[in-house]
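Participant: for reference, the sequence and a predicted model appear below.
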Amino acid sequence: MEKTNFLQSEDWGKFQKSLGNQVIRISLEDGLAQCYLVRSKYANFLYCPRGPLITSAKNFTKVLEQLIKAAKENKVDFLQIEPEIDPGFIASMLLKKGFVKQKITTQPENTSILSLAPDESTIYSNFRKTTRQMIKKALENKVEIKSDDTLSRFDDFIKLLTETTNRQKFTSHTFSYMKQQFECFQATKQIKLYLAEKDGEILAGAIILNFAKTSTYLHAGSNSLGRNLGAAQLLVWTVIQDAKKEGNEFFDLWGIAPVDQPNHPWNGITVFKKGFGGETVTYPGSFILPINLNRYRVYRLINALRAAPPFKTIQRVLFKAINKG
């Protein structure tokens, strides 16, 4: 069985239930798929992130048949799958089954994953020169990194995230979503909040999720002073050191821009993340099997309209209003 991604974990299932989504878990010999039923005003669909988890084409076919059966039984508009692995047959098999590859994915299609197998000095020496310089600058300016496995300082993190979304003009998950997420993984001590501060001022922060020997840089934010002082670089270096001490094998920086898209909105954060020397990993992408073709076509039309610049501006305004409320 392939290494389990946290999106296929039971705790992620509990989190989805807390959001009101029905979780469907299909478990066969050498095959596993956890998906959840999303009922929104735009569409009802069955979504399987970073799954199914399989060891062969035969096992994949069996699990896929069960997923399609579950989608039809629940009368959804479509089934969406975003596999974690593509050993040469998954993408082509999905297309043969009638799935349509999407241009946009729900989970990041590209990420940077750092192996924690080398010793700390080797890991550090593989950082980009400017990344090491910023870490030294943060240390010289006596930036401190503190971690907490409770929500006692969640509001401090939210202030940073608000400044980051305003500065970079993107829409993150709602703060209530992130809070529920933290609470679901908090019970099993798999999540931490890291904050970088100097003289009592919070400069940078990140929520780190630990699962299956992998630490994931799930949500992060910083302010202007923190960016100038290298607070975020020192924070990530501290997370890497802690992850290695705890016996984790990988650090997933969770989402970078594709190499062939120079104008991608994630290019700035990608430069930051690639400074830590990880290996670029590209996932197969997102695939949708229409179940109710007419409703699926309406959903695609709505998504096209939502991608238009005027709607994105409205979406950011609504996001601010929701979080203030």
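Facilitator: All right, it came through fine.
Participant: now do the host helix or strand of residue 69, average pLDDT.
Facilitator: When elements are assigned from DSSP states H and E, residue 69 belongs to helix 57-73. Mean pLDDT, helix 57-73: 89.
Participant: helices or strands up against whichever helix or strand comes after it?
Facilitator: On the C-terminal side of helix 57-73, the nearest following helix or strand under DSSP H and E is strand 78-82. The elements that strand 78-82 packs onto, with contact taken as 3 or more CB pairs under 8 Å, 6 or more residues apart in numbering; DSSP states H and E, are strand 44-49, helix 57-73, strand 287-290. Placement of C-beta: from N, CA and C, glycine included.
Participant: give the buried residues for the helix holding residue 69.
Facilitator: 59-60, 62-64, 66-68, 70-71 (16 or more other CB atoms under 10 Å).
Participant: that helix - contacts with which helices or strands?
Facilitator: Helices and strands in packing contact with helix 57-73 are listed as strand 22-28, strand 31-39, strand 44-49, strand 78-82, helix 90-96; criterion 3+ CB pairs under 8 Å, 6+ apart.
Participant: how distant is the helix or strand that contains residue 271 from the center of its chain?
Facilitator: Residue 271 is part of helix 267-274, with elements assigned from DSSP H and E. In terms of CA atoms, centre = their mean, to the nearest Å, the centre of helix 267-274 is found 15 Å from the chain centre.
Participant: list the helices and strands it packs on?
Facilitator: Contact analysis of helix 267-274 by 3+ CB pairs under 8 Å, 6+ apart lists strand 110-115 as its packing neighbours.
Participant: quick one: mean pLDDT over the helix or strand that the strand it packs on is followed by.
Facilitator: Proceeding N to C from strand 110-115, the next assigned helix or strand is helix 120-125, under DSSP H and E. The average pLDDT within helix 120-125 is 98.
Participant: buried residues in helix 120-125?
Facilitator: Taking 16+ other CB under 10 Å as the basis for neighbour counts, the residues of helix 120-125 that come out buried are 123-124.
Participant: partner strands of the helix or strand residue 218 falls within, with direction?
Facilitator: Residue 218 belongs to strand 214-222 when elements are defined using DSSP H and E. Paired neighbours of strand 214-222 in the sheet (DSSP bridges): strand 201-211 (antiparallel), strand 250-252 (parallel).
Participant: adding mean pLDDT, write the helices and strands packed on helix 57-73 out as CSV.
Facilitator: What follows is these, written out as CSV (pLDDT from 0 to 100):
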stretch, mean pLDDT
strand 22-28, 91
strand 31-39, 91
strand 44-49, 96
strand 78-82, 97
helix 90-96, 88
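Participant: nearest to residue 177, out of these?
Facilitator: Proximity of these to residue 177 was assessed by CB to CB; the nearest stretch is strand 31-39, lying at 13.4 Å.
Participant: returning to that earlier point: please name whichever of the helices and strands packed on strand 78-82 is nearest to residue 205.
Facilitator: Smallest distance to residue 205 across these (CB to CB): 24.7 Å, for strand 44-49.
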